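S.K.: I need the structure of the sequence given here:
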Amino acid sequence: MENQKPTSSSDEIDLGQLFNRIGDFFKNMGLGFLRFVATLRRIPIENKLAFILIIIASVVMGVTYSNLLKKSYYESTMILSSDYLNKRLVDNTIDKLNTLAEEKNKKGLGKVLNIPDSLANNILEFAAKPFVAESDLIEMEVLKEQLKNAQANAKNEKVIEQVVKRIEIENRHAFEITVRTLNPTVINLLQVALVDYFKNNQYIKNRITVTHSNLLEKQRKLKSDVRKLDSLKLMIYENYRTMANQGRQGSNNVVFSDKSVTDPIAVYNQSLYLQDQLEEVNEDIDLGKDFEVVDGFTEFSEPASASQLKIILISVGLGILLAYLLVGLVSFNKYLSTLDQQQNS
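M.R.: Here you go, the predicted structure:
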């Protein structure tokens with residue numbers, strides 16, 4: 001038998017050497033970071049005058065902008081819910097209002113909102129977004145479809161209906177509408193004008209009218225059915241009481257045949273069901289759930305725009321970044337000049 005050749009030492013992995021190289025890598029990386037920090041520290045010291053002048057200029061520009069150029073604005077948000085609102089309709093409406101708000105003469109904005117020009121001149125901008133995220137709505141619709149597909153094989157369809165009802169997201173047709181104004185006192189007045197503007201949209205107005213008419217008709221019919229069932233319950237009660245009295249007297253007379261006897265439990269359950277339906281209709285009519293303000297505008301005393309201190313700090317930060325950039329460009333230019341001289345020499 002041939003003797004097996006010993007493995008060459010060059011083929012073996014030196015774990016110690018591998019760990020040393022990994023350690024050197026992290027060590028060099030740490031040293032590189034420290035050199036970078038040292039460079040950042042050294043540049044302002046070597047260029048004190050440039051940094052001081054740029055910082056002073058940044059402070060002056062920040063104070064000038066905050067006092068003379070920037071207008072403080074106030075912001076508030078309301079939540080408007082309607083079964084007839086959709087993202088495209090709301091976005092289109094807000095875009096129209098913003099186009100009118102951008103005009104120098106805001107008479108057009110005042111006209112469409114039915115507000116005085118003095119009030120319209122204080123409006124800067126409108127914004128709107130769905131109160132419920134689109135991803136949540138999509139997830140809900142997918143889950144509902146899965147439940148409906150499983151309904152055919154379900155033994156109790158009412159259970160499926162209850163589950164579908166529970167996963168209905170509250171305020172799924174609600175939108176957050178934001179307004180920015182120059183004067184906080186006009187915000188509450190804008191709420192009435194803005195709600196009326198949406199409500200008087202012909203598409204929404206027609207549907208509100210039809211829905212209200214249908215609710216009134218349903219309310220009338222439910223009241224009539226409830227009265228009839230109350231009369232029927234009274235008749236059943238009186239007949240059963242008569243039967244009970246006759247039984248105590250030892251009479252063998254039969255008041256109802258099997259075909260004419262009505263199940264009293266079913267009648268009472270139907271009466272409770274109709275009463276619940278009537279209460280829901282009354283609630284819908286009284287609250288106007290198909291179009292309502294979930295949460296109105298709030299008048300804030302503090303502006304939503306950045307304060308003077310914040311603007312100055314931002315200006316100083318941008319000034320320092322600019323100073324570093326200028327010093328870096330100057331140093332890079334000197335380096336290019338040195339290379340050019342060495343090449344020509």
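
S.K.: Now do the contacts for Pro116.
M.R.: The neighbourhood of Pro116, defined by CB atoms under 8 Å, 6 or more residues apart in numbering, consists of Gly110. (C-beta placed from N, C-alpha, C; glycine too.)

S.K.: where does it land on pLDDT?
M.R.: pLDDT for Pro116: 90.

S.K.: for the one 4 residues further on, same thing?
M.R.: On pLDDT, Ala120 comes in at 90.

S.K.: Can you tell me how far it is from Asp95?
M.R.: 17 Å (CB to CB, to the nearest Å).

S.K.: Looking at these two now, which is surrounded by more residues?
M.R.: Ala120 (23 against 12; other CB atoms under 10 Å).

S.K.: give the contact list for the closest residue to that one other than its chain neighbours.
M.R.: In space, and not counting its chain neighbours, Ala120 is closest to Gly110: 3.6 Å by CB to CB, 6 or more residues apart in numbering. By CB under 8 Å, 6+ apart, Gly110 lies in contact with Pro116, Asp117, Leu119, Ala120.

S.K.: helix or strand for Gly110, which one?
M.R.: helix 107-113 (DSSP states H and E).

S.K.: now do Phe198
M.R.: Using DSSP H and E, Phe198 falls in helix 187-199.

S.K.: helices and strands around that helix, which ones?
M.R.: Counting contacts by 3 or more CB pairs under 8 Å, 6 or more residues apart in numbering; DSSP states H and E, helix 187-199 packs against strand 74-82, helix 87-101, helix 107-113, strand 174-181, helix 202-248, strand 291-295.

S.K.: Try it again at 7 Å.
M.R.: When contacts are defined as 3 or more CB pairs under 7 Å, 6 or more residues apart in numbering; DSSP states H and E, helix 187-199 packs onto strand 74-82, helix 107-113, strand 174-181.

S.K.: Of all the ones you listed, which one comes closest to Asp276?
M.R.: strand 74-82 (23.1 Å; CB to CB).

S.K.: Parallel or antiparallel, which strands does the closest one pair with?
M.R.: Partner strands and pairing direction for strand 74-82 (DSSP bridges) are strand 174-181 (antiparallel), strand 291-295 (antiparallel).

S.K.: Show residues contacting it.
M.R.: 131, 171, 173-181, 184, 187, 191, 195, 198, 204, 290-300, 303-304 (CB atoms under 7 Å, 6 or more residues apart in numbering).

S.K.: Mark which of those are buried, thanks.
M.R.: 131, 173-181, 184, 187, 191, 195, 198, 204, 290-291, 293, 297 (16 or more other CB atoms under 10 Å).

S.K.: just to revisit the earlier point, quick one: distance of the helix holding Phe198 to the chain centre.
M.R.: How far helix 187-199 lies from its chain's middle: 20 Å, per CA atoms, centre = their mean, to the nearest Å.

S.K.: and if you look at stretch 218-232?
M.R.: That offset, for stretch 218-232, works out to 42 Å (CA atoms, centre = their mean).

S.K.: C-alpha coordinates for it, PDB please?
M.R.: C-alpha atoms of stretch 218-232 as PDB (Å, rounded to 0.1, in the frame of the first residue of the first chain):
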ATOM      1  CA  LYS A 218     -88.600  52.900   6.300                       C
ATOM      2  CA  GLN A 219     -89.300  54.600   9.600                       C
ATOM      3  CA  ARG A 220     -93.000  54.900   8.700                       C
ATOM      4  CA  LYS A 221     -93.300  51.300   7.700                       C
ATOM      5  CA  LEU A 222     -91.400  50.000  10.700                       C
ATOM      6  CA  LYS A 223     -93.700  52.000  13.000                       C
ATOM      7  CA  SER A 224     -96.700  50.500  11.300                       C
ATOM      8  CA  ASP A 225     -95.300  47.000  11.600                       C
ATOM      9  CA  VAL A 226     -94.400  47.500  15.200                       C
ATOM     10  CA  ARG A 227     -98.000  48.600  16.100                       C
ATOM     11  CA  LYS A 228     -99.400  45.600  14.300                       C
ATOM     12  CA  LEU A 229     -97.200  43.200  16.100                       C
ATOM     13  CA  ASP A 230     -98.000  44.900  19.400                       C
ATOM     14  CA  SER A 231    -101.700  44.300  18.600                       C
ATOM     15  CA  LEU A 232    -100.900  40.700  17.700                       C
END
